[in-house]
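> Just a sequence and a predicted model for now, questions to come.
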Amino acid sequence: MIKTRRFTVSNALAALGVIVAVLIARNATIPVAETPLPPTKTATVTPAIFTPLAITPVSTTATVSPPEVTRPPIRASPTATLSPTHAPIAPTLTATKVLPTSTVVPPSQTMTSMPTRTPTQAGPDVSLTNETLIGSGVKIEQQAGGAGLRIVMLDPDGRPWANTYFEVYEQTADVSGNPTRGKRAKSGYISQQGLIDFEIAAGKYGVCTSTSPGYNWATSDCVYDVQVTSGKLTTVQLQAGQIEVVVLGADGNPWKDVYFAIYTQKRDVSGNPVIDRKVTGSYTDNSGLGRFWLTPGMYIVSIDLRGYNWGKLREAKGETNIAVQKGETNRVTIRMGRLVVGLKKPNGDPNTDVYVKVCTQKPAVDGKPVIDSLVWSGYTDNGGFAAVDLTQGQYALQIGDVVLWNVPVEGGRVTTSDGKTIK
């Protein structure tokens, strides 16, 4: 008879205890399942792409248009100085050719030295007008034995005007039959020798340049009707003139750093010249000279000097109808006068810190003079003097309640007053 052993919980626990004991004895380790970590993401650094800056090349052609100058045009009065009187000298306009010098000056600059020869005392030619002058700086010639087109550019002294840009166009006509630009045929810069040559087919052309300080070189935007003929060299020559500006004090010394402006002119409804377009504004240099190259024509020069208007311009202080001709220099010279006031106390000591006013005057209804506008005011110094440089005219001198009328100031002369009389 077979005996069946009954399996109980106590038997199972006993068996498990045996197994555990065996494992411990063998230093066995029950493996533990590990949870895998997600892979680490490696940051990828994208290198920055360097984009070079776009550099716009600078044009090599200089444009003559000066910037507007913001310095005040009124010049401070020189220190009071009593000097010998001179005979009255009126403002003059002189035209002459100035001897060439060794330095070529671009039209936007002023010379740094006085000319080598004083211009002759010659007044402006009243017969000259814009109608007769504009275009007179251009000369067109043909010479047998050559070919093509030559352009020559000269300064007022007949020296090369280099680096001037020109374009040559085939000439066509607008709807009114006036010459105008067609297809551009050639272009280039004037050389250091003052010219440029083009190999160009026979035909009629327009020669154009943006270097036109003042009026156009011709009555239109280009020099038209330039005929190029086979077997001949056609030469187009352009030459400028110039205006010089000089302001002299009562002592005859030139004033430095005086602002002046040059304008083209036009006519109002009454036929009087008025300002048209500003060409340049500049200052007299260390030698007292202001200079600018211009195309031929009639111009206005304006300088805001203390006192009355020194010229015939109505809308500002200046002179009109200043003629510029090719190869010539027209100098505008303004001579200032000086008023010196010297005051004494009753004991003969200098009367210092006395307030003095100088005014322009105008006639009243009864013809007697009255104050017009204040020109200058100041105090007598520690020597009892007060002085001011003025343009020509008759002024009102006021010291306290006393007014001296019709005080004459003349160019190149010193007028003195003791507060009671005029000398």
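Here it is on my side, so go on. Numbers count the residues shown, from 1 in each chain.
> Cross-check the contact I'm expecting between residue 202 and residue 232.
No. Here residue 202 does not reach residue 232: they are 9.2 Å apart, not a contact under Cβ atoms under 8 Å. To be clear about C-beta, it is placed using only N, CA and C from the backbone, and glycine gets the same treatment.
> Which of the two has more residues huddled nearby?
Set side by side, residue 202 and residue 232 show more neighbours around residue 232, with 17 against 13, by other Cβ atoms under 10 Å.
> all strands in the stretch 101-250 of the chain, in order from the N-terminus.
Here the stretch 101-250 of the chain has its strands, by DSSP state E, counting those that start in this stretch, at 138-144, 149-154, 165-173, 179-189, 195-198, 203-208, 223-228, 232-239, 241-248.
> Among the ones you listed, show me which one is buried the most.
The highest mean neighbour count among those, using mean count of other Cβ atoms under 10 Å, belongs to strand 241-248: a mean of 24.
> What are the contacting residues of that one?
Strand 241-248 is contacted from outside by 75, 98, 115, 119, 137, 156, 254-255, 258, 260, 262, 284, 288-296, 299, 301, 303, 305, 322, 324-336, 412, using Cβ atoms under 8 Å, 6 or more residues apart in numbering.
> Kindly give a single ChimeraX line that selects the buried subset of these.
Buried subset of the contacts of strand 241-248, written as a ChimeraX selection, criterion 16 or more other Cβ atoms under 10 Å:
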select :75,98,115,119,137,156,254,255,258,260,262,284,288,289,290,291,292,293,294,295,296,299,301,303,305,322,324,325,326,327,328,329,330,331,332,333,334,335,336,412
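> So which of the contacts of strand 241-248 sit within strands?
Of the contacts of strand 241-248, the ones assigned to strands by DSSP state E are 260, 262, 289-294, 299, 301, 322, 324, 329-335.
> partners of the strand or helix carrying residue 359, with directions?
Using DSSP states H and E, residue 359 maps to strand 355-363. Strand 355-363 has the following sheet partners, assigned by DSSP bridges: strand 369-379 (antiparallel), strand 393-399 (antiparallel).
> Deepest in the core, which of those is it.
strand 393-399 (a mean of 20).
> After it, heading C-terminal, what element do we hit next?
That would be, after strand 393-399 and using DSSP H and E, strand 402-409.
> Okay, angle between that next one and strand 393-399 too, please.
In terms of direction (axes from the mean of the first three to the mean of the last three Cα atoms, to 10 degrees), strand 402-409 departs from strand 393-399 by 150 degrees.
> Against which helices or strands is strand 402-409 packed?
strand 337-342, strand 369-379, strand 393-399, strand 414-417 (3 or more Cβ pairs under 8 Å, 6 or more residues apart in numbering; DSSP states H and E).
> buried stuff in the strand holding residue 359?
Going by neighbour count (16+ other Cβ under 10 Å), the buried part of strand 355-363 is 356, 357, 358, 359, 360, 361.
> Next: stretch 309-320.
For stretch 309-320, a neighbour-count test (16+ other Cβ under 10 Å) marks 309, 310, 311, 313, 317, 318, 319, 320 as buried.
> my read: residue 393 touches residue 407, true?
No. Applying Cβ under 8 Å as the test, residue 393 and residue 407 come out as separate, 9.3 Å apart.
> that older thread, now the strands of the stretch 101-250 of the chain as CSV including mean pLDDT and distance to residue 273?
CSV is the format used below for these (pLDDT from 0 to 100; distance: least, Cβ to Cβ, whole Å):
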stretch, mean pLDDT, distance to residue 273
strand 138-144, 96, 24
strand 149-154, 98, 28
strand 165-173, 97, 31
strand 179-189, 97, 29
strand 195-198, 97, 36
strand 203-208, 98, 28
strand 223-228, 97, 26
strand 232-239, 98, 25
strand 241-248, 97, 15
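> Ok, which of those strands comes nearest residue 267?
strand 241-248 (20.0 Å; Cβ to Cβ).
> Let's see the closest one as PDB, backbone CA atoms only.
Provided in PDB are the C-alpha atoms of strand 241-248 (Å, rounded to 0.1, in the frame of the first residue of the first chain):
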ATOM      1  CA  GLY A 241      36.200 133.300 -65.800                       C
ATOM      2  CA  GLN A 242      36.100 134.200 -62.100                       C
ATOM      3  CA  ILE A 243      35.000 136.600 -59.500                       C
ATOM      4  CA  GLU A 244      37.200 137.800 -56.700                       C
ATOM      5  CA  VAL A 245      36.000 139.500 -53.500                       C
ATOM      6  CA  VAL A 246      38.000 141.800 -51.300                       C
ATOM      7  CA  VAL A 247      36.800 143.800 -48.300                       C
ATOM      8  CA  LEU A 248      39.200 146.500 -47.100                       C
END
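> How far off centre is it?
16 Å (Cα atoms, centre = their mean, to the nearest Å).
> And for stretch 277-288?
Going by Cα atoms, centre = their mean, where stretch 277-288 is centred and where its chain is centred differ by 8 Å.
> what comes up buried for that stretch?
279, 280, 281, 282, 284, 285, 288.
> circling back to that earlier point, quick one: residues in contact with the strand holding residue 359.
With Cβ under 8 Å, 6+ apart as the criterion, strand 355-363 contacts 307-308, 339, 341, 369-380, 386, 388, 390, 393-400, 405-406.
> CA-only coordinates of it, as PDB, when you get a sec.
Taking C-alpha atoms only, strand 355-363 is exported to PDB below (Å, rounded to 0.1, in the frame of the first residue of the first chain):
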ATOM      1  CA  TYR A 355      26.700 153.900 -24.000                       C
ATOM      2  CA  VAL A 356      26.900 154.900 -27.700                       C
ATOM      3  CA  LYS A 357      24.500 154.000 -30.500                       C
ATOM      4  CA  VAL A 358      24.900 154.300 -34.300                       C
ATOM      5  CA  CYS A 359      21.800 154.200 -36.500                       C
ATOM      6  CA  THR A 360      20.900 154.600 -40.100                       C
ATOM      7  CA  GLN A 361      18.600 157.500 -40.800                       C
ATOM      8  CA  LYS A 362      15.800 158.400 -43.200                       C
ATOM      9  CA  PRO A 363      14.000 161.600 -44.000                       C
END
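> Would you mind putting the buried residues of stretch 277-288 into JSON lines with distance to residue 186 alongside?
Output for the buried residues of stretch 277-288, formatted as JSON lines (distance: Cβ to Cβ, whole Å):
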{"residue": "279", "distance to residue 186": "29"}
{"residue": "280", "distance to residue 186": "30"}
{"residue": "281", "distance to residue 186": "35"}
{"residue": "282", "distance to residue 186": "34"}
{"residue": "284", "distance to residue 186": "40"}
{"residue": "285", "distance to residue 186": "38"}
{"residue": "288", "distance to residue 186": "44"}
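> Identify the residue nearest residue 397 in space, chain neighbours excluded?
Once flanking residues are discounted, residue 397 sits nearest to residue 404: 4.4 Å by Cβ to Cβ, 6 or more residues apart in numbering.
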